[in-house]
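J.: Sequence unavailable; structure follows:
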């Protein structure tokens, strides 16, 4: 008998019919003899409806009031599931973020969890009651409602699991786990049975939308085993957990592609100390995240500097950079958003050398030019021409043995 | 400069457009130099939507969960108005029932207010902030959300006004005050400038839907002056307050009609002690409220007993009464729902004699037969044939001088 935290997202509770299905799943887990805590998001569409209402009322809604407004969505969901379960004779009870004791700072709309008391949850569990917990919300020290921002309900689930020292936190979502690559791009992609927190973090920061970085970090810090599973079909998902021997045997766990970057090149920059600060200072002040930077070898005391920024910030960044370019008397500014980033992720890279060289060889064999490179301990990313992204992903997926049922699977 | 509690009902905040209008009214009151607390109901339609959802989920929703669900409606409304006001540069803040400190018993869906701490409201007012308070909700000692039942938001407004010793509690609604009679039936009906708590209580119990008895009782007990005003047009409403000299000068303040009663007659009842208990015991046990009872003079040791019950309970009542009639060997049971109750209300009756006699004379002159009579200190009610109700109301309205602009108005 284990203590399990189950979390269901908005689409999983998006209609009365789907709430019934969640209730059935809860009953099953209970019958299997587990102690259960259920965390819910708002019914899909509800948060959007409320945001729309707020913006109809006023163009820039106050953030504390926004939290008061949005936190109602999860309350509706937990009340409905709790009454569904009680209607089936199951002793369930809904609890708000406040009642669970999710204490956050006061950064409304993107609050950080300070601590989770979970007193009433422990009490409920001891009394044989299934607590149904509102995700996404907490209260600050002043007892005002706060919300945790995007992916907040996952974070609630992980934080509650950590506070209760639960055996597992299962995130039910619309995919059935973490894949070696996006199956829409790489049809031979396989679901991973296990992935390490570190790999999951890299995957999240590379744009895999399954779990947000914050939730993975929280789980890693507290050692909460998190499983990602489909709420629409039966079967195992992917377990996100501490790195183990099995994982290290595999060099690469996944291939990701990211089209949300754009490249800016400043041509003919006088190669003087302090130039980089002059360029990147204003960009950072404008809250634009620069991902990769490359500087060519200087020729005749002039150099070219290229860097990538999120595509949505491109316009703002170009305006800033053009002003700086003029000031520092650079020759010109070139821009392209027809780039993409392809990355390999795997904890095995720590113990296997030559991964980067193999990656470059594969791309070269396919005729793909590499514009920029960045590496971390367990990741290598290359910026390439956007039109080659699918080709590069498929070639790398095959070359690193991810196509066949190999290594990782037991 | 006065401290005023304003309460707006569901139709008054039923759309973004109407929320804007409420915000404008708040700004006006503020500019007039008043300290303000605003209490809101849920946007009209929202509570019905949530109730429908609950009943789609399960036929008999758990009441604690129902409160968790329904209390979200008011939260949406207060967040929207607070952000509207803040968008206009007005320092407003939303507060839930819990944050206001509305502590109730644990009778979910119909909780009674135990006390109101209003700590954060006082704090907000001291800081120049306009508190926007969620009506209809509180928390019990266990910190679970409760709701106050029908008319609960009015009760919140009156209770907050009492806790703050506010100068006035203004209930904005879709009518502009309390009338001498229903203007749909009596076109010459006039709005009353003032009415006493006692009269308002009688009017509420007679079916006037402007203020519920609970709110009037609470206001009377704490001496809160309550004004009923239209949220759609400007101008004065009706002030519900302590009885004063002006009121006593007028004999009758209002005429009401009630079609929601039905009459049951048991014919040929053996006139023995204990018979009434045999009849009315089972009716009371079935939670059916008997309004009037009349017993004919006994003839040959047999008597007829007539009484009225709410029309909705008629079927249930008849079944019970037929069983008892058989047991006590009464002759037969007669039933009619073609009756109506016409009533006169006025604190002036205390000091003016002969009101009843005059009422009977008026009805008689119009050829209206009186079936039953009941009186209280400030009310006389007659049960008559339903088809004469409008006629009787108009005749009484005219006969007691309510048609002209008389007495009550200054």
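T.: Done, it's in. Since the structure is predicted, the reported quantities are computational estimates derived from the model, not experimental observations.

J.: make it CA atoms for all contacts and neighbour counts henceforth
T.: Noted.

J.: Any idea which helix or strand in chain A has the lowest mean pLDDT?
T.: Across the helices and strands of chain A, the lowest-confidence element by mean pLDDT, DSSP states H and E is helix A:245-249, at a mean of 78.

J.: gap between that one and the chain center?
T.: Distance of helix A:245-249 from its chain centroid, counting by CA atoms, centre = their mean, to the nearest Å, is 23 Å.

J.: what's that helix packed up against?
T.: With contacts taken as 3 or more CA pairs under 8 Å, 6 or more residues apart in numbering or on different chains; DSSP states H and E, helix A:245-249 sits against strand A:194-196.

J.: quick one: strands adjacent to the strand it packs on?
T.: Here strand A:194-196 has these sheet partners by DSSP bridges: strand A:238-241 (parallel).

J.: avg pLDDT for the partner strand?
T.: Strand A:238-241 carries an average pLDDT of 95.

J.: go on, stretch A:161-177?
T.: 94.

J.: Which residues belonging to that stretch are considered buried?
T.: For stretch A:161-177, burial by neighbour count (16 or more other CA atoms under 10 Å in any protein chain shown) applies to A:161-164, A:166-174, A:176-177.

J.: Equivalent analysis for stretch A:276-294, please.
T.: A:279-280, A:283, A:288, A:290, A:292-293.

J.: ok, back up a step: what residues does the helix or strand following the least confident helix or strand of chain A touch?
T.: Next in sequence after helix A:245-249, counting helices and strands by DSSP states H and E, comes strand A:254-258. With CA atoms under 8 Å, 6 or more residues apart in numbering or on different chains as the test, strand A:254-258 has contacts from A:179-182, A:203, A:206-208, A:340-346, A:389, A:393, A:396-397, A:402.

J.: at 6 Å what do you get?
T.: For strand A:254-258, contacts defined as CA atoms under 6 Å, 6 or more residues apart in numbering or on different chains pick out A:180-181, A:340-345.

J.: what do you get for stretch A:195-213?
T.: So stretch A:195-213 is contacted by A:220, A:240-243 (CA under 6 Å, 6+ apart).

J.: so what pLDDT did the residue in the stretch 151-300 of chain A that chain B sits nearest to get?
T.: Chain B sits closest to residue A:153 of the stretch 151-300 of chain A, with a gap of 18.4 Å, by CA to the nearest CA. The per-residue pLDDT reported for residue A:153 equals 96.

J.: right, and it touches residue A:135 too?
T.: Yes. The pair residue A:153 and residue A:135 passes the contact test of CA atoms under 6 Å, sitting 4.1 Å apart.

J.: any weak-confidence spans in the stretch 301-410 of chain A?
T.: Along the stretch 301-410 of chain A, segments meeting pLDDT under 70 span A:404-410.

J.: And the strands in it?
T.: Here the stretch 301-410 of chain A has its strands, by DSSP state E, counting those that start in this stretch, at A:302-310, A:332-336, A:339-345, A:370-376, A:379-385.

J.: Please apply the same query to the stretch 101-250 of chain A.
T.: Applying DSSP E, counting those that start in this stretch to the stretch 101-250 of chain A gives strands spanning A:102-104, A:113-116, A:130-134, A:137-139, A:145-147, A:168-173, A:194-196, A:226-230, A:238-241.

J.: Contacts for the first one next, please.
T.: Strand A:102-104 has contacts (CA under 6 Å, 6+ apart) with A:111-116, A:138-140.

J.: Neighbour-wise, which one of the residues you listed leads?
T.: residue A:138 (33 neighbours; other CA atoms under 10 Å in any protein chain shown).

J.: mind listing what that one touches?
T.: Shown in contact with residue A:138 (CA under 6 Å, 6+ apart): A:97-98, A:102-103, A:145-146.

J.: now do 10 Å
T.: A:67, A:71, A:96-106, A:111-116, A:144-148, A:156 (CA atoms under 10 Å, 6 or more residues apart in numbering or on different chains).
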